[in-house]
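In: Quick one, structure for this:
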Amino acid sequence: MAITIIIILAVLIVPVIFVIGLYNGLVKLRNRYKNAFAQIDVQLKRRHDLIPNLVETVKGFMTHERETLEAVISARNAAHSARQSAAGDVGDAGKMTALSQAESGLGGMLGRLFAVSESYPELRSNQNMLQLQEELSSTESKVAFARQAYNDAVMHYNNKIESFPANILAGMFNFVPATMFEVSDESERQAVKVEF
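Out: Numbering: from 1, shown residues only. The predicted structure follows:
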């Protein structure tokens with residue numbers, strides 16, 4: 001009689017423990033990719049904060065390039081808004097796509113700004129510009145590493161929620177696939193040139 005009760009309890013308890021472990025594993029993976037996005041968010045905020053300083057430094061030297069400067073500020077503001085929106089709901093594929101596109105646009109505008117600024121020798125030797133160049137270059141590297149960590153966490157999470165038997169539990173508890181932070185423009189695959 002005691003053995004029968006133990007067998008019945010084991011048959012009931014083992015699946016419950018398995019489901020709890022599987023669910024907790026999914027939660028950990030979801031939190032890991034959200035944390036990885038938070039690391040991207042920190043670096044993008046730093047990048048966005050550097051751009052107004054960069055524009056102010058360049059503005060004094062590039063008096064005939066108002067359109068370029070305004071385009072950089074506009075792209076920065078669009079990227080900043082997209083970053084804030086995505087940070088509010090990391091799991092939203094549309095917001096992540098919008099962020100990727102906005103960051104791609106910003107990268108393109110920065111590339112354009114740096115290309116135009118090469119025509120100004122005084123700007124290339126300006127101390128503020130050299131410091132901003134170094135900070136922006138460092139930030140670009142950090143963004144790339146944070147993006148890679150985020151995409152790795154997303155891939156691991158997506159693999160788990162698509163694999164059997166986790167996919168059954170993921171569907172029951174609304175674990176939806178996460179979106180990679182991908183390069184949306186081929187020109188962004190090349191690093192922004194920040195050398196003068």
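
In: starting at the chain centroid, how far to the lowest-mean-pLDDT helix or strand in the chain?
Out: Ranking every helix and strand in the chain by mean pLDDT, DSSP states H and E puts helix 121-124 at the bottom, with a mean of 76. In this view, helix 121-124 has its centroid 33 Å away from the chain centroid, taken as Cα atoms, centre = their mean, to the nearest Å.

In: which strands and helices sit next to the helix or strand following that helix?
Out: Using DSSP states H and E, the helix or strand that follows helix 121-124 in sequence is helix 127-162. When contacts are defined as 3 or more Cβ pairs under 8 Å, 6 or more residues apart in numbering; DSSP states H and E, helix 127-162 packs onto helix 2-59, helix 166-172. Just so you know, the C-beta spots here come from the backbone N, C-alpha and C atoms, and that holds for glycine as well.

In: Quick one: residues in contact with stretch 36-48.
Out: Applying Cβ atoms under 8 Å, 6 or more residues apart in numbering, the contact partners of stretch 36-48 are 76, 79-80, 83, 86-87, 90, 103, 136, 139-140, 142-143, 146-147, 149-150, 152-154, 181.

In: low pLDDT regions in the protein?
Out: 183-196 (pLDDT under 70).

In: List the contacts of Thr30.
Out: Thr isn't right for residue 30; it's Arg. 91, 157, 175, 178.

In: May I ask which of those residues has the most neighbours?
Out: Among these, Ala178 has the most neighbours (other Cβ atoms under 10 Å), with 26 neighbours.

In: if we can go back for a sec, reformat the helices and strands packed on helix 127-162 into CSV and put distance to Leu69 next to each item.
Out: As requested, these are exported to CSV (distance: least, Cβ to Cβ, whole Å):
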stretch, distance to Leu69
helix 2-59, 5
helix 166-172, 47
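
In: Off-centre distance for stretch 97-106?
Out: Distance, centroid of stretch 97-106 to centroid of chain: 10 Å (Cα atoms, centre = their mean).

In: To clarify, my last question referred to stretch 46-58.
Out: Mean-position distance between stretch 46-58 and its chain equals 20 Å (Cα atoms, centre = their mean).

In: Could you do stretch 59-71 as well?
Out: With Cα atoms, centre = their mean, you get 29 Å for stretch 59-71.

In: Stretch 95-105 too?
Out: 9 Å.

In: Run a quick neighbour tally on the nearest residue to Pro165 once chain neighbours are set aside.
Out: Spatial nearest neighbour of Pro165, excluding adjacent residues (Cβ to Cβ, 6 or more residues apart in numbering): Leu22 at 7.1 Å. For Leu22, the count of nearby residues is 16 (other Cβ under 10 Å).
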